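**Q** with the sequence up front, the predicted model follows.
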Amino acid sequence: MAMGFCDQIWAEVAPLRQAILAHPFLTALADGTLPRDSFQHYIVQDSLYLAEYARVLAIAAARAPSAAGRLEFSDGAKVAVQVEEGLHQAFFAQFGVTAAMVQAAEPTPACLGYTSYLASLAATRSYEELIAAILPCFWVYWEVGCAIKPRATSPNPYAPWIDTYADPGFGAATDRVHALVDEAAAATTPTMRDAMARAFRNATRYEWMFWDSAWRLETWPV
């Protein structure tokens, strides 16, 4: 059987995925030694990211040609908001992030770059490219969660984060989005599949940049 679009692009971005799994942010998160300020930076930026990601998912739902797509992406938008509120509120309390800190926070270049890229696809590009760029946020996190969980030290201050992304329910959601992307790719042209592959690659690069920016405590250079 021929390899589907998603498995093909996943294999192609293997070096990027290795770079993500080997990133010191995730290594330190797994062994529980990640500096508190790095995780604080990450969680604040992630809440800014998820607010925008939820909007992008809602647009994907509105543009989806099938009922399955409309349901999946509207559910995803809802879950992104719930994760932002539930998981993050717990982390904010645990890691001393105040509401004032969140309100004062501005997206870093990595966060703004990633969310603006997704928003530009949603506004000006095809549905196919948009959902190809949405998928890495699911799939990369699922791979990271599954890779980290077996080797994470216990007790680990970051265990709830690891558990969220290694949860079979999150894996099932990833599979459903994966199926929608494969379906869209199978029904379109080779030129569009190339554009989808580019969108997937760019979003995966942004995933690496997002963790790297938290590790470096990135702010605007000027």
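**A** Nice, I can see it.
**Q** what's the residue nearest to residue 132 when sequence neighbours are not counted in contact with, if anything?
**A** Nearest residue to residue 132 in three dimensions, chain neighbours excluded: residue 196, at 3.8 Å (CB to CB, 6 or more residues apart in numbering). Glycine gets a C-beta too; all of them are placed from N, C-alpha and C. Neighbour list for residue 196: 5, 9, 128-129, 132, 181, 184-185, 188 [criterion: CB atoms under 8 Å, 6 or more residues apart in numbering].
**Q** recalculate using a threshold of 6 Å.
**A** Listed by CB atoms under 6 Å, 6 or more residues apart in numbering, the contact set of residue 196 reads 128-129, 132, 185.
**Q** name the element it belongs to?
**A** Here residue 196, judged by DSSP states H and E, is contained in helix 190-215.
**Q** could you give the angle of the helix or strand where residue 43 lies to helix 190-215?
**A** The secondary structure element spanning residue 43 is helix 36-63 (assigned by DSSP H and E). Computed by axes from the mean of the first three to the mean of the last three CA atoms, to 10 degrees, the angle separating helix 36-63 from helix 190-215 equals 160 degrees.
**Q** counting neighbours, which bits of helix 36-63 end up buried?
**A** 38-50, 52-61, 63 (16 or more other CB atoms under 10 Å).
**Q** elements contacting the next helix or strand after that helix?
**A** In the C-terminal direction, the helix or strand that comes right after helix 36-63 (DSSP H and E) is helix 67-94. Packing partners of helix 67-94 (3 or more CB pairs under 6 Å, 6 or more residues apart in numbering; DSSP states H and E): helix 36-63.
**Q** quick one: mean pLDDT for the helix it packs on?
**A** Averaged over helix 36-63, pLDDT sits at 94.
**Q** going forward, count from 569.
**A** OK, 569 is where the count begins now, so the last one is helix 604-631.
**Q** I am finished for the moment; much appreciated.
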